[in-house]
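1. Sequence first, predicted coordinates after that:
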Amino acid sequence: MLNLDSLPLELQFEVYSYLVHPLSSYKHAPFPTTYVEQREVENLPSGRAQLMQHPYCQLAATCDSIRDSVEAYCLHLIKGQTLLKTGHGGTKISKPQKDNWRTKIAKARASPKYPSGLPQPNQACRNIYLRSVYQKCIFCRAVTKRRAAFNRFMWCDKKCDVEHYGRLISKTEAANQHQVQEIHWQNPHLVFPESTWRPLRMTLYNTSACASTTLLLEKEVIKMAEYIKANDADGKKLRLAKQAIANQKLADEAKALIKAEDDFIKFANDRFTVRSRRDFEKAAAFLRTKLHPQVVQISRLGPGPEQLAERLKLCQNLTMALPQSIREFCKVEVKKSDDWVYHRLDIVRSYNGAEHSYRVLDQFFPLL
């Protein structure tokens, strides 16, 4: 069975090249595409202690041969930094020492009174390299706390970010300046099913103007804009794709509502199992969704005594929109005054002779 130790040195170096970023110990995506991922990445620790969890340190602890190859690759990275002429200066990189663990342990055993003979990991090439790129641009070594937009595992100033990844634009700029809509770069297979387009790379990033902005690579947006101009200048394919997405959304909502109704009936008919609060809330959410059109209709009624009477009638008949098998588990309470109508709807179930209820709706409809 092949393992990292059995690979040629060139292939080992190729593997190590994907781990050069100082925060590669994280198992998250290098750039967030959802708000949840963005919050997770922003909350990840990035102190110096995190460097000790780097894959280079983890690999070096496995065996002598892998430690030697990691040290050799990190020495190559250090030499590349010392030859880099950036004008930033930065911190002076100390001379690395070969981390010959076995030899130093033998010397320490021979002279136990001199603990200085033990290996000093802080002078190893891997640790010197990681300290040299901590809160510094990985390309020019300028001191910065800015993360690269498309790689949050390393620090990178704005100039180098644009130089190595390309200029970034927001989705608003893509739509206004290049006429590339969100459906174009997010679902190109729906607009152009005959093409081989894949969704464009995007990331969420905090800017000075906005707390969270969707950013795209301008070069990719321009390339897609040229394709759109050549293949869908009149926007017909875009309109068809939007209609297909809307139809699919309605179909998915209908399927979800049917499934929720089946789940509610199973929940209501089970009179021997005590359900949790979460089960009641799930059933209540189904009823709110089912009755939402009727509630909106009641809310939109205008002022006047006739409208108040109509509002009262609709509240009293609100559950008539539900099937008979569901209405029997609903308890309705309606109250009326000169300027408002109060409506309350509860789910009522009995378990072993004890009645349990859960509130679904509790609303005042004032006379506007």
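-> Cool, the structure landed.
2. wait, what's in contact with the residue nearest to residue 229 when sequence neighbours are not counted?
-> The shortest distance from residue 229 to any residue other than its chain neighbours is 8.0 Å, reached at residue 179 (Cβ to Cβ, 6 or more residues apart in numbering). Where you see a C-beta, it was placed from the backbone N, CA and C, and this is true even at glycine. Neighbouring residues of residue 179 by Cβ atoms under 8 Å, 6 or more residues apart in numbering: 225, 228-229.
3. Residue 360 now?
-> Here residue 360 is in contact with 284, 287-288, 330, 345-347 (criterion: Cβ under 8 Å, 6+ apart).
4. Report the buried members of those residues.
-> 284, 287, 330, 345-347 (16 or more other Cβ atoms under 10 Å).
5. Show me those residues that map onto strands.
-> When DSSP state E defines the strands, the subset of the buried ones among the contacts of residue 360 inside them is 330, 345-347.
6. so which of those residues comes closest to residue 270?
-> The shortest gap between residue 270 and any of those belongs to residue 347, at 13.1 Å (Cβ to Cβ).
7. mind checking how far the closest one is from residue 315?
-> Residue 347 is 17 Å from residue 315, where distance means Cβ to Cβ, to the nearest Å.
8. Do a quick rundown of the helices in the stretch 1-150 of the chain.
-> Using DSSP state H, counting those that start in this stretch, the helices assigned to the stretch 1-150 of the chain run over residues 9-16, 35-42, 55-60, 64-82, 101-110, 125-132.
9. go on, the stretch 251-368 of the chain?
-> In the stretch 251-368 of the chain, the helices defined using DSSP H, counting those that start in this stretch lie at 277-299, 305-316, 324-327.
10. Distance to residue 148 and mean pLDDT added to those, as a markdown table?
-> Output for the helices of the stretch 251-368 of the chain, formatted as a markdown table (distance: least, Cβ to Cβ, whole Å; pLDDT from 0 to 100):
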| stretch | distance to residue 148 | mean pLDDT |
| --- | --- | --- |
| helix 277-299 | 41 | 85 |
| helix 305-316 | 57 | 85 |
| helix 324-327 | 54 | 82 |
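11. With distance to residue 213 added, can I get those in TSV?
-> What follows is these, written out as TSV (distance: least, Cβ to Cβ, whole Å):
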stretch	distance to residue 213
helix 277-299	32
helix 305-316	44
helix 324-327	45
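12. what's the closest of the ones you listed to residue 237?
-> Distances from residue 237 to each of the helices of the stretch 251-368 of the chain were compared using Cβ to Cβ; the minimum, 32.8 Å, belongs to helix 277-299.
13. The closest one packs against which elements?
-> Helices and strands touching helix 277-299, by 3 or more Cβ pairs under 8 Å, 6 or more residues apart in numbering; DSSP states H and E, are helix 236-269, helix 305-316, strand 340-351, strand 354-366.
14. Any idea which of the ones you listed gets closest to residue 197?
-> Judged by Cβ to Cβ, the one of the helices and strands packed on helix 277-299 that comes nearest to residue 197 is helix 236-269, at 12.0 Å.
15. May I see the buried residues of that closest one?
-> 237-238, 241-242, 260-261, 264, 267-268.
16. Return the distance of the closest residue to residue 55 other than its chain neighbours relative to residue 319.
-> Nearest residue to residue 55 in three dimensions, chain neighbours excluded: residue 19, at 4.7 Å (Cβ to Cβ, 6+ apart). Counting by Cβ to Cβ, the gap from residue 19 to residue 319 is 61 Å.
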